[in-house]
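Asker: let me see the structure of the following:
(one chain, ligands or ions: 2)
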Amino acid sequence: MENNFNTIVAHYDEIGLKGKNQQFFVGKLIENIKNIGSNLKVKRGEGKIVTEGTFEKEIIERLRLIPGIANFAPAIACKTDLEKIKQSALQIVNHYKPKTFKIETTRSYKPFELNSLELSREVGAYVLENYKDKLKVDVHNPELLVKVELAKEKTYILGKKEQGVGGLPVGATGKVVCLVSGGIDSPVAAFEVMKRGAKVIFVHFHNQTINKKGVENKIKNIVRHLTQVQGESRLYIIPFADLQKQVITNIPADLRMIVYRRLMFQIAEQIAKKENAKALITGDSLAQVASQTLENMEVIYKATDMLKLAPLIGMNKTEIISEAAKIGTYDISIEPYEDCCSLMIAKHPETRANLEQVEKVEESLNVNDLVDNAIATTEVLVIR
Ligand code: ATP
Ligand code: MG
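Answerer: Ligands and ions are numbered 1, 2, ... in the order given. Below is the predicted model:
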């Protein structure tokens, strides 16, 4: 049987609770769905977003990654007419060929000739007639649930529902800068804030002396992958080699990592200000590595005033890994490469730094110049 789906119906959950701002959030989500494909017709339905057309696999894959969509399903849109609804439901059952099914109706158009229960029964009976004893109704655990969403003009009959990312549409809650390394954690952190509606600007600190192209490609691949979630990304690549030399020459080994991370924040903050971003995001997870003890994070995070957020702070490595696998960044992240910090790790790094002590050793650096130079030599890429 031919595939007769002519629509995708997407539902949002959290946006529905946004009161007066609902219009704005739904508008953003529509805009983001439109950005997936140039000729998609996307509009607002009653409590849903409706995308018309026929759909390639690629579009479905993108919808799975778009924040704000709680779930979506391919659907047949037809006139609100009992015969048409019955035929559409039958086409959907023909498509999936389940052994058991159930019809469930929601009805925003109350004057319709049948109420929800009656409509479900009538449509179900029609489908069964066409299958004789090869198909059964199972109201508790059907293999296929066909939802009929009836409105005044048009009714949508939905096929199998898929879970979306949920959360809020990217761009609806502001802009942030994410410090992204080539590791597993920071790409997940970026995704978590995108899911809460933030547009992410990526910043990567790059030691050019090692395998320049390899590292750059890896970071670009991570950002390119995450760009499917937010539409378009800016990636700042900041040369870090000179700065590292200065740190190695002037700072005791056990404090170097802390000083690097403080410099990273100071540089990232300049970029955030330029981009009008309101927070710095990291992939920090409490006590996962030496730079992530509470004492060290306090010293590192005090390098600048800007708000810093670490969305993975309470997650275990195994949880972060399974999230990375789910969002598709894991395979890119595990490609081997040396990031600027893995080369510099001291045998016995400080795990309980104190601010005075770190500020004292930093006096031997010209921090402002280092930050300005790094900014001046930054490369900005736009990734679509
Ligand atoms: P990740 O897996 O994200 O690399 P990690 O567990 O290896 O994290 P660290 O290397 O200590 O931890 O880095 C902690 C955080 O600092 C990273 O999650 C990232 O936000 C930031 N960071 C570290 N190195 C870089 C870098 N080269 N460029 C940009 N940000 C970085
Ligand atoms: Mg790392």
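Asker: if I look at Ile66, how far off is ligand 1?
Answerer: Ile66 sits 24 Å away from ligand 1, going by Cβ to the nearest ligand atom, to the nearest Å. (Glycine included, C-beta is placed from N, CA and C.)
Asker: other SSEs contacting the lowest-mean-pLDDT helix or strand in the chain?
Answerer: Of the helices and strands making up the chain, the lowest-confidence element is helix 57-63, at a mean of 87, by mean pLDDT, DSSP states H and E. Judged by 3 or more Cβ pairs under 8 Å, 6 or more residues apart in numbering; DSSP states H and E, helix 57-63 is in contact with strand 7-11.
Asker: rerun at 10 Å
Answerer: Contacts defined by 3 or more Cβ pairs under 10 Å, 6 or more residues apart in numbering; DSSP states H and E place helix 57-63 against strand 7-11, helix 22-34, strand 71-79, helix 212-230.
Asker: which pLDDT does the model give Ile15?
Answerer: Ile15 carries a pLDDT score of 80 in this model.
Asker: one step back: report the buried residues of the least confident helix or strand of the chain.
Answerer: Under the neighbour-count criterion of 16 or more other Cβ atoms under 10 Å, helix 57-63 has 59, 62-63 buried.
Asker: ditto for stretch 286-302
Answerer: Those would be 288-293, 296-297, 299-301, for stretch 286-302 by 16+ other Cβ under 10 Å.
Asker: among these, which one sits closest to Ala376?
Answerer: Proximity of those to Ala376 was ranked by Cβ to Cβ; the top entry is Ile300 with 23.8 Å.
Asker: name the SS class of that closest one, please.
Answerer: What DSSP: H, G, I helix; E, B strand; the rest coil gives for Ile300 is helix.
Asker: so which bits of the lengthiest helix in the chain are buried?
Answerer: The longest helix of the chain (DSSP state H) is helix 253-275. Of the residues in helix 253-275, 255-272, 275 count as buried by neighbour count, 16+ other Cβ under 10 Å.
Asker: what's the domain layout of this structure?
Answerer: The record's domain parsing of the chain by automatic domain parsing lists 7-163, 175-383.
Asker: turn those into a markdown table, columns for distance to Pro169.
Answerer: Listed next are those as a markdown table, based on distance: least, Cβ to Cβ, whole Å:
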| stretch | distance to Pro169 |
| --- | --- |
| domain 7-163 | 4 |
| domain 175-383 | 6 |
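Asker: among those domains, which is nearest ligand 2?
Answerer: Closest approach to ligand 2 among the domains of the chain is made by domain 175-383 (3.6 Å; Cβ to the ion).
Asker: work out the gap between the closest one and the centre of the chain.
Answerer: 19 Å (Cα atoms, centre = their mean, to the nearest Å).
Asker: state the mean pLDDT of that domain.
Answerer: Mean predicted confidence for domain 175-383 is 91.
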